[in-house]
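A predicted structure for the sequence below; I have some questions about it.
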Amino acid sequence: MFTKRFSLETAYYSGGRVVLNHLMFFLFAMGLGILAGGILLAVLGVVDILALHKHIIPLMNMFQNAFFTATGSLHHAGFTMADVLDGYVPAEVTHQALGDGVISFDLSGYDFGYILSWILPTALVYKLFLDMLSVGWTKVALDLNANRQVSYRYLYQYYYLVPRVFLVNLFVGIALILGCMLFILPGVFLYQRLRFSKYFIIDKNLGMVKAVQASWALTEGAVLQLCGFSIISTILDSIGNAILLLRLFVMPLQNQVDANVYIQLSSR
């Protein structure tokens, strides 16, 4: 029998009240995050350009083909992605996923490895920076739900949690992808069961394995409700993306609501 594990009405009412009461804090915090992210992205972009200046034209051609031509399989050194996957994935699957078209780029194997050796580390640095902001925003949501004082230092203060959060998010993402490959529903189920893993790292300072186990236990019997919550969140995000000013309210609201759902489940 379906059992109601949390009140979504309470979560949105509480989250909306918190955002309205601390609206200026949220606006300034978002501005600081965007400014810091823009500066870091510019610095990393300059590093990549200086390191890859000989490869800029082939890369630009590749991205131009990817954006302005029909979806097709990448082609390099006489092989396509379909050729690489042959023997591992049924031909019908690769045909549907990759198509017959070919996007070519004029790079040797050495050049391709050299490019990845620069792009991947800089992309990882930026991803860790975004995770640091995410950890700070989650901590803000948890403390505001508990009526505690918060500060802008939260955006960088909990940097030591970032490696665990990054790895557990990677694990949840892989589980979601693998589950979705099995007709979607297993992926949705796994995501809902594991979605609060990072909360246990941020809130309880747990290790990754214990955080995953705790999220699995926390969401027992709440999967259907959480699926409904995800649908509502997706609709609100879509509306927020369409209306910029509304996005400034929707972003912190979703963060507060998510934390409130975690708190409600934890309290029970």
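Received it, and whenever you're ready, just let me know what you need.

would you mark the buried spots in the helix of greatest length in the chain?
Secondary structure of the chain per DSSP state H: the longest helix is helix 109-145. Of the residues in helix 109-145, 111, 114-115, 118, 122, 126, 129, 131-145 count as buried by neighbour count, 16 or more other Cβ atoms under 10 Å. All C-beta atoms are positioned from the backbone trio N, CA, C, and that covers glycine.

stretch 207-218 now?
208, 211, 212, 214, 215, 218.

what's the mean pLDDT across whichever helix or strand comes after the longest helix of the chain?
As assigned by DSSP states H and E, the chain's next helix or strand after helix 109-145 is helix 154-157. Mean per-residue pLDDT for helix 154-157: 95.

what of stretch 178-198?
In this model, stretch 178-198 has a mean pLDDT of 89.

contact partners of it?
Under the criterion Cβ atoms under 8 Å, 6 or more residues apart in numbering, residues 135, 138, 165, 168-169, 171-172, 175-177, 208, 211-212, 214-216, 218-219, 222-223, 226-227, 230, 262, 265 lie in contact with stretch 178-198.

got the end-to-end distance for that stretch?
Taking Cα to Cα, to the nearest Å as the measure, stretch 178-198 stretches 20 Å from start to finish.

what comes up buried for that stretch?
Of the residues in stretch 178-198, those buried (16+ other Cβ under 10 Å) are 179, 187-198.

among these, which lie within helices?
If you go by DSSP H, the buried residues of stretch 178-198 have 179, 187, 188, 189, 190, 191, 192, 193, 194, 197, 198 in helices.

residue 4: neighbour count?
Counted with other Cβ atoms under 10 Å, residues neighbouring residue 4 total 10.

how about residue 256: what's its closest non-neighbour residue?
Nearest residue to residue 256 in three dimensions, chain neighbours excluded: residue 15, at 3.5 Å (Cβ to Cβ, 6 or more residues apart in numbering).

pick the one among the ones in helices among the buried residues of stretch 178-198 closest to residue 21.
When those are compared for distance to residue 21 (Cβ to Cβ), residue 198 wins out at 25.2 Å.

can you pull out the low-pLDDT segments for this structure?
1-3, 62-89, 91-109 (pLDDT under 70).

switch to 90 and redo it
1-6, 48-49, 51-119, 176-187, 221, 236-248, 267-268 (pLDDT under 90).

hey, where'd the helices end up in it?
Ranges of helices in the chain, per DSSP H, are 8-21, 23-51, 56-68, 81-85, 91-98, 109-145, 154-157, 162-181, 185-194, 197-204, 208-218, 223-242, 244-267.

helices or strands next to the longest one in the packing?
This points to helix 109-145. Helix 109-145 makes packing contacts with helix 8-21, helix 23-51, helix 154-157, helix 162-181, helix 197-204, helix 244-267 when contacts are defined by 3 or more Cβ pairs under 8 Å, 6 or more residues apart in numbering; DSSP states H and E.

for the third one, packing partners?
In other words, helix 154-157. On the basis of 3+ Cβ pairs under 8 Å, 6+ apart, helix 154-157 makes packing contacts with helix 23-51, helix 109-145.

tilt between the longest one and helix 197-204?
The one in question is helix 109-145. Inter-element angle recorded for helix 109-145 and helix 197-204: 50 degrees (by axes from the mean of the first three to the mean of the last three Cα atoms, to 10 degrees).

swap in the shortest one?
Using the same axes, to 10 degrees, one finds that helix 23-51 and helix 197-204 are set 120 degrees apart in direction.
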